[in-house]
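Trainee: I'd like to go over a predicted model; first the sequence, then the structure.
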Amino acid sequence: MTCDDSRSVLHAYLDGELDAPRAAEFEHHLESCASCTRSLEAEESLRSSIQHARLYEPVPRGLENRIRRQLRESSVPFGGPKFALWRWLAATAALLLFVGVGWKALEKSRQGSEPSASIGALEIVDAHIRSLQPGHLTDVTSTDQHTVKPWFNGKVPFAPPVRDFAAEGYPLVGGRLDVLDGQTVAALVYGRRKHFISVFVWPEPSTEAEQSTGAKRGYQWISWKQDGLRFCAVSDTNRDDLAAFKNLFSR
Amino acid sequence: MQDREQFDQLVLPHLRAAFNLARWLLRSREDAEDVTQEALLRAFRFFSGFHGTDARAWLLQIVRNTCYSWMEKNRSMQSAVEFDESLHLSPLPGPEAQALAGSDRERLTKALEQLSPRSREVIVLRELEGCSYKEIASITAMPIGTVMSALARARARLHELLARPSSKEAVRDV
């Protein structure tokens, strides 16, 4: 091996990327070549000072949590990024077909379908899950219906009915604004033992089915209409509790 | 939510490597924080396309690309790749001080930051991350043979920068 050859493999040798025969050849050359030996030593010394200088940059505090939070928020409904484009298209086509066939005809079989023609169950369930992140549950926190109700004035173009059901075991926690499918909706938050119930409220023309229920991602939802408004209650409490809550709310 | 779990298990553990690479490429912890965050979100979006076994190399590739896009966008701020070292290098400390690891760290940091991004990334991947040539090739989209010559060049430049006295007088004639 000549010095030129040696220089061309020196870095591969240093980095442990030479196969055994070529490494042996290189070492053999070093025995008789002071200049290449010095070059190798210089590289080894550079490497060792880099290693000793603690240049590895520690991750800033809180970065991982921030990323985890963002990942949660950006998680695509329908179960993440594996939901490929064609499936979205298929879902959209199916939805259009569904609407095209005629909502009315399907009314009777709507148990477990969607809470509304305009807003899907998953979207509502996801909005509820998002609201459970720290600091997202309510914009106005009050058990007083006379505080929560006026808070919505001027924020949504309708007046959601707000009542407290603490005496019945469903205390009012507060309210917030949410955006579902580009539409600003009111959300009322109630407690049920250790669970929360979000009631989403938005105005809806009267051609919709009256009532439907279902479950998604382990959350129950129940949707009904009253006075030109669509209501959809979502919670991880059990179905009976949610049905009782609905009866109370729509009474 | 199976994807989230898999992503958490396979990719998130390499956050450290991701941040380290971004910090050295961008030469700023603040920018690296933003870019790392952006890169992780991109990685999550592309996660369904990851079928390999080396999640670290896969993630670092995305981090690298995100860094380069970022540098492209902020070119005006980054234009001085080899920035004016007279402003950044403190006067050469005495021999005793030089022996201290702390000052070694400072000297090395400054030397590394003066390398071109291409040289810097191979050094960081090889010396700090311990990547093999094959991994470096896949992260940087270079042929394997080029990795070795890129490393050789980067190291030669580092020797040069470290040997150079950093006073203004000495820099002037470079």
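Mentor: Great, that's in hand. Numbering: from 1, shown residues only, chains lettered A, B, ... in the order given.

Trainee: tell me, how many neighbours does the residue of chain B found nearest chain A end up with?
Mentor: Residue nearest to chain A within chain B: residue B:3 (3.6 Å; C-beta to the nearest C-beta). (Each C-beta comes from the backbone N, C-alpha and C, glycine too.) When neighbours are defined as other C-beta atoms under 10 Å in any protein chain shown, residue B:3 has 17 of them.

Trainee: And it, how far from residue A:123?
Mentor: For residue B:3, the distance to residue A:123 equals 19 Å [C-beta to C-beta, to the nearest Å].

Trainee: what sits up against the helix or strand where residue B:159 lies?
Mentor: Here residue B:159 sits within helix B:144-163, counting by DSSP states H and E. The contact list for helix B:144-163, computed with C-beta atoms under 8 Å, 6 or more residues apart in numbering or on different chains, reads A:10-12, A:15, A:17, A:42-43, A:46, B:107-108, B:110-112, B:114-115, B:118-120, B:122-123, B:126, B:133-134, B:136-137, B:140, B:142.

Trainee: Enumerate the residues of the stretch 1-150 of chain A near chain B.
Mentor: A:10-12, A:15, A:17, A:42-43, A:46-47, A:49-60, A:63-64, A:66-68, A:70-72, A:74-75, A:79-82, A:84 (C-beta under 8 Å from any C-beta of the partner chain).

Trainee: Sort out for me which of the residues you listed are in helices.
Mentor: Using DSSP state H, the members of the residues of the stretch 1-150 of chain A next to chain B that fall within helices are A:10-12, A:42-43, A:46-47, A:49-52, A:63-64, A:66-68, A:70-72, A:74.

Trainee: Separate out the buried members of these.
Mentor: Among those, those buried by neighbour count (16 or more other C-beta atoms under 10 Å in any protein chain shown) are A:10, A:11, A:12, A:43, A:46, A:49, A:50, A:63, A:64, A:67, A:71.

Trainee: tell me the contacts of the first one?
Mentor: Right, the one you point to is residue A:10. A:26, A:36, A:39, A:40, A:43, B:152.

Trainee: so where do the helices sit in chain A?
Mentor: A:3-14, A:20-32, A:34-52, A:63-74, A:85-101, A:121-131, A:145-151, A:239-249.

Trainee: Kindly report the same for chain B.
Mentor: Using DSSP H, helices in chain B cover B:2-10, B:15-26, B:29-46, B:55-73, B:75-78, B:85-88, B:95-99, B:101-114, B:117-123, B:133-140, B:144-163, B:168-172.

Trainee: export these to CSV and tack on mean pLDDT?
Mentor: Shown next, in CSV, are the helices of chain B (pLDDT from 0 to 100):
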stretch, mean pLDDT
helix B:2-10, 83
helix B:15-26, 96
helix B:29-46, 94
helix B:55-73, 94
helix B:75-78, 57
helix B:85-88, 41
helix B:95-99, 47
helix B:101-114, 85
helix B:117-123, 96
helix B:133-140, 94
helix B:144-163, 94
helix B:168-172, 42
